[in-house]
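Colleague: quick one: sequence and predicted model below, then my questions.
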Amino acid sequence: MLYWEKYREVATRYEHKAKVEDREDLNHTIILSLAQAQLSLERNGGHQLSDMTLLRIASHEVANYWRTQYKFTNGLDCGSCSKTQRQKCRSSDLYSECPKAIKLEYLDKPIIDTEGNLTELGQLIADDKAIDLDAWLEAKTWLLGCPKRLLDIAHKRLAGLPLNATDDKYLDRFRQKERRQMSLF
């Protein structure tokens, strides 16, 4: 049987050990780990996890959280190296020369482009969500993804025919949807 209230209490005791923006995530991770451990114990014929075991599992999850944070901020991942290699790196302080380490670059790092101009690295990164204005302005490209009903409405407007209520409502909804999508960019 799962004791969700107890798991929540234990997780709440440990959530302050994470960064403010990650506290809820750590809380949920601890609760999930406690529930998984309890289910595993019950499958093997056990009864209930002791309070000390719950605290130990929670502290283990906090340690995993900080290992992950260290890996993201420092770019080092020595977990795949052998024990002797890790000892060698530790004794000789070879972490900066590690071939398995992830090298981090800063977006404000100055870069000289092909024309000899000095720009920041962040300015050279292409934006996947940017609108290709040349293709967007070309009507044929836009019409390929346009709904057939919208094309019928456009033909009515070009011919000067009045739109009925359903066509007018459909056109209004389509415009609102496009406005929302444009505001996301």
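Modeller: Now that the structure is in, tell me what you want to look at.
Colleague: how far does the lengthiest helix in the chain sit from its chain's centre?
Modeller: For the chain, the helix that runs over the most residues, judged by DSSP state H, is helix 51-74. Distance of helix 51-74 from its chain centroid, counting by CA atoms, centre = their mean, to the nearest Å, is 20 Å.
Colleague: CA atoms of it as CSV?
Modeller: Output of helix 51-74 as CSV, limited to C-alpha atoms (Å, rounded to 0.1, in the frame of the first residue of the first chain):
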residue,chain,number,x,y,z
ASP,A,51,11.3,6.0,8.1
MET,A,52,15.1,5.9,7.9
THR,A,53,14.8,4.2,4.5
LEU,A,54,12.5,6.9,3.2
LEU,A,55,14.9,9.6,4.3
ARG,A,56,17.9,7.8,2.8
ILE,A,57,16.1,7.5,-0.6
ALA,A,58,15.2,11.2,-0.5
SER,A,59,18.8,12.2,0.3
HIS,A,60,19.9,10.0,-2.6
GLU,A,61,17.6,11.8,-5.0
VAL,A,62,18.9,15.2,-3.7
ALA,A,63,22.5,14.0,-4.4
ASN,A,64,21.5,12.9,-7.9
TYR,A,65,19.9,16.3,-8.5
TRP,A,66,23.1,18.1,-7.6
ARG,A,67,25.3,15.7,-9.7
THR,A,68,23.1,16.5,-12.7
GLN,A,69,23.3,20.3,-11.9
TYR,A,70,27.1,20.0,-11.7
LYS,A,71,27.3,18.2,-15.0
PHE,A,72,25.1,20.9,-16.7
THR,A,73,27.0,23.9,-15.3
ASN,A,74,30.5,22.6,-15.5
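Colleague: what residues of that helix count as buried?
Modeller: 54, 57-58, 61-62, 65 (16 or more other CB atoms under 10 Å). Every residue, glycine included, has its C-beta placed from N, CA and C.
Colleague: tell me the pLDDT of Ala154.
Modeller: Note for Ala154: predicted pLDDT of 87.
Colleague: count of residues packed around it?
Modeller: When counting by other CB atoms under 10 Å, one arrives at 13 neighbours for Ala154.
Colleague: the one 4 residues further on now?
Modeller: When neighbours are counted by other CB under 10 Å, Leu158 registers 8.
Colleague: what mean pLDDT does the helix or strand in which Arg179 is found have?
Modeller: Using DSSP states H and E, Arg179 maps to helix 165-184. Computed over helix 165-184, the mean pLDDT rounds to 84.
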